[in-house]
Every structure is written in structure tokens, then in C-alpha cells.
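# structure for this input, please:
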Amino acid sequence: MSSASINPTVRRRRLGAELRRLREQKGLTAEDVAQQLLVSQSKISRLENGRRSISQRDVRDLCEVYGVTDESMVDGLMTMARESRQRGWWHAFGDVPYSVYIGLEAEAIAVRNYESLFVPGLLQTREYAHAVVAGIQPEATPEQIDKRTDIRMVRQDLIKDPDSPLRLWAVIDEAALHREVGSPATMREQLEHLIERSFQPHITVQVLPYSVGAHPGMSGTFSILEFQDALDANVVYLEGVTSDLYLEKETDVRLYSMMYEHLRAQALNPDHTRDLIDKIAKSFTR
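Predicted structure coming up:
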């Protein structure tokens with residue numbers, strides 16, 4: 001496999017899951033392992049949840065603690081550790097706040113997204129995305145805003161892949177379509193772009209109208225990422241101002257999946273969604 005096709009975020013996640021399996025198979029707690037290696041328990045937890053790079057030395061030490069003697073298994077884990085420290089395409093843009101999410105999104109086969117404040121990033125026009133980033137980060141420099149916008153545009157290659165495009169299901173609160181981001185011209189272009197994208201077979205767009213009243217999404221926006229490899233459990237992503245939250249427990253993912261099904265059921269169907277978006281788009285002609 002070429003280095004260009006290796007996803008370091010997913011490698012860390014798979015390696016962490018395998019190390020957790022080996023620890024539990026040995027009947028050890030994270031605290032037990034931390035005491036044997038003279039490290040903090042939080043380090044072991046971060047290694048296992050894929051939030052921290054894993055060195056080959058870490059793998060070697062953990063294999064000794066877990067009694068792994070199969071050389072082929074150790075070599076495989078060491079290779080994953082080496083690959084997990086490579087740099088993804090997004091690192092070319094410098095420090096990216098949500099690089100973990102980008103890495104997971106790049107490996108996902110499907111994303112179910114609920115947005116209440118703006119059009120989902122994978123469906124934004126450049127002008128709209130630029131205005132969103134500038135609004136969210138009022139203290140950012142023009143260069144930083146351009147960089148974040150560029151990253152968002154590159155991410156959209158996932159839904160443009162002619163061979164295996166990302167399956168995207170987006171439920172958008174009607175309020176996001178009325179909020180004027182940028183200018184009336186920017187909004188009209190964005191909403192027309194949204195309609196155009198919604199006709200693609202791998203993209204489904206539904207609007208949650210004001211008329212539904214209270215609904216499960218009122219607690220906040222979220223995304224559910226699904227993966228093809230059975231080793232990669234689905235992930236719920238919750239974006240924060242200073243930090244993001246990734247939920248991987250089966251019970252958490254099931255809860256958010258149920259919430260999403262309720263949102264889909266309450267939202268307008270794709271045809272009625274396009275009619276409403278078109279109506280709102282025309283209101284920005286001024």
C-alpha cells in the first residue's frame with residue numbers, strides 16, 4: 001500500500017482497538033498496565049482510543065506485558081504503529097483543529113449528518129464556506145480563513161469520487177436555510193447548489209420544517225460516521241468550540257442512530273425539501 005493511501009487516523013484507531021483486545025484478553029485493567037510500564041493510566045487510555053500516536057516502542061512494551069509471542073502478530077502491530085505516525089493530506093495545511101474528524105471522514109463509507117445552524121460542510125459553496133468560517137472565527141486572519149475554506153473544499157472530493165463516492169444523508173433544520181450567511185447572492189447560490197447536489201443518487205437532503213416543533217435534534221448538531229471494515233466501529237461526532245467529542249460505545253451510537261431516524265421521519269421528503277429550498281432561495285433575490 002502506498003503512503004498516500006494510508007489513513008493515519010484510522011490506523012491509530014484500529015491499532016488501539018487491537019491493543020485493548022489484547023489487554024482485556026490478558027485480564028488486565030488500564031491501571032494495571034500503567035503501573036507495570038510506569039506511565040499514567042491516561043496514556044494507556046489515549047493509546048487505546050486512538051487519540052494519541054503510538055510508537056513502535058509502545059507496541060513492543062505492551063506486547064511484552066500482554067505476553068504476545070507470535071512474531072507475525074507483533075510485526076503487524078509494529079507496522080500499524082509506523083503507519084499511524086504518517087501524515088494525512090490535511091497536514092499540508094498546518095494545524096487543523098478537527099484533524100481527527102477529517103481522518104475518520106476520509107475513511108467512512110457513509111455519513112449521516114444533522115445540522116441546525118448552517119448547510120453541511122460537504123455541501124457548501126466556497127463563498128458560503130468562507131463566510132461561515134469568518135463568522136465562527138472573528139479573530140482569525142484572512143490567511144487562516146482561506147486555509148480553513150480550502151480544507152473544506154478538498155473534503156468535498158469525497159462526494160465527487162466517480163468510483164466510490166461517500167454516501168451522505170443530510171437533515172437540515174429550516175432555520176439554517178433562512179439565516180443570511182455572506183450576502184443574499186451568496187445564499188441564493190448556496191441554496192441552488194444544495195438543490196443540485198440533492199439530485200445525486202448518493203446524496204439525500206431533507207429539511208426539518210418549522211412546523212414539526214420540538215424535535216430530537218434540538219440538543220445540538222451531530223454526525224454519525226459508518227465504516228466498511230468490521231474492525232472500525234461507527235462513530236458519533238459532536239463538534240465543540242474548544243474540543244470535539246467522539247462517541248464509540250455501541251449504546252451511544254445506537255441512541256444517536258435512533259434520534260436520527262426520528263429526524264428523518266419528521267423531515268420533509270426529498271422532493272418537498274427541494275420545493276421548500278427553491279422557495280427560500282427565491283426570497284434572497286434582492
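
# and the spatially most central residue of the chain, what element?
In the chain, the C-alpha nearest the mean C-alpha coordinate belongs to Y101, at 3.9 Å (CA atoms, centre = their mean). Using DSSP states H and E, Y101 sits within helix 99-107.

# list the helices and strands the host helix or strand of K43 packs on?
Assigned by DSSP H and E, K43 falls within helix 41-48. Judged by 3 or more CB pairs under 8 Å, 6 or more residues apart in numbering; DSSP states H and E, helix 41-48 is in contact with helix 8-26, helix 30-37. Backbone N, C-alpha and C define where each C-beta goes, glycine included.

# out of those helices, which is the most enclosed?
Stretch with highest mean neighbour count among the helices and strands packed on helix 41-48: helix 8-26 (a mean of 19; mean count of other CB atoms under 10 Å).

# relative to helix 99-107, how tilted is that one?
Interaxial angle of helix 8-26 relative to helix 99-107 (axes from the mean of the first three to the mean of the last three CA atoms, to 10 degrees): 100 degrees.

# got the angle for helix 8-26 vs helix 30-37?
On the basis of the same axes, to 10 degrees, helix 8-26 is oriented at 90 degrees to helix 30-37.

# how far out from the middle of the chain is helix 8-26?
Chain-centre distance of helix 8-26: 20 Å, with CA atoms, centre = their mean, to the nearest Å.

# over to stretch 143-163?
Stretch 143-163 sits 14 Å away from the centroid of its parent chain (CA atoms, centre = their mean).

# isn't L238 up against L225?
No. Using CB atoms under 8 Å, L238 makes no contact with L225, being 11.9 Å away.

# where does Y237 sit: helix, strand or coil?
With DSSP: H, G, I helix; E, B strand; the rest coil as the basis, Y237 sits in strand.

# show me what the closest residue to it other than its chain neighbours is bridged to.
Distance criterion CB to CB, 6 or more residues apart in numbering; nearest residue to Y237, sequence neighbours excluded, is S223 at 4.5 Å. Counting by DSSP bridges, S223 is bridged to N113, Y237.

# how about the strands in the stretch 51-200 of the chain?
Secondary structure of the stretch 51-200 of the chain (DSSP state E, counting those that start in this stretch): strands at 110-115, 167-173.

# quick one: the longest one to strand 110-115, angle?
What it means is strand 167-173. Using the same axes, to 10 degrees: strand 167-173 against strand 110-115 is 10 degrees.

# what pairs with strand 167-173, parallel or antiparallel?
Strand 167-173 has its sheet partners listed here by DSSP bridges as strand 110-115 (parallel), strand 203-208 (parallel).

# pull out the buried positions in the last one.
The one in question is strand 203-208. 203-208 (16 or more other CB atoms under 10 Å).

# list of residues touching that strand?
Residues outside strand 203-208 that contact it (CB atoms under 8 Å, 6 or more residues apart in numbering) are 123, 159, 167-174, 177, 194, 197-198, 215, 217, 263-264, 266-270, 273-274, 276-277.

# from those, which land in helices?
Judged by DSSP state H, the contacts of strand 203-208 include 174, 177, 194, 197-198, 263-264, 266, 270, 273-274, 276-277 as members of helices.

# can you tell me which of those has the most neighbours?
In terms of neighbour count, L194 stands highest of those at 27 neighbours, by other CB atoms under 10 Å.

# got phi/psi on F199?
Dihedral angles of F199 (phi, psi; degrees, to the nearest 10) stand at phi -80, psi -10.

# ditto for G27
Torsion angles, degrees, to the nearest 10, at G27: phi 80, psi 30.

# separation between it and Q206?
G27 sits 47 Å away from Q206 when distances are taken as CB to CB, to the nearest Å.
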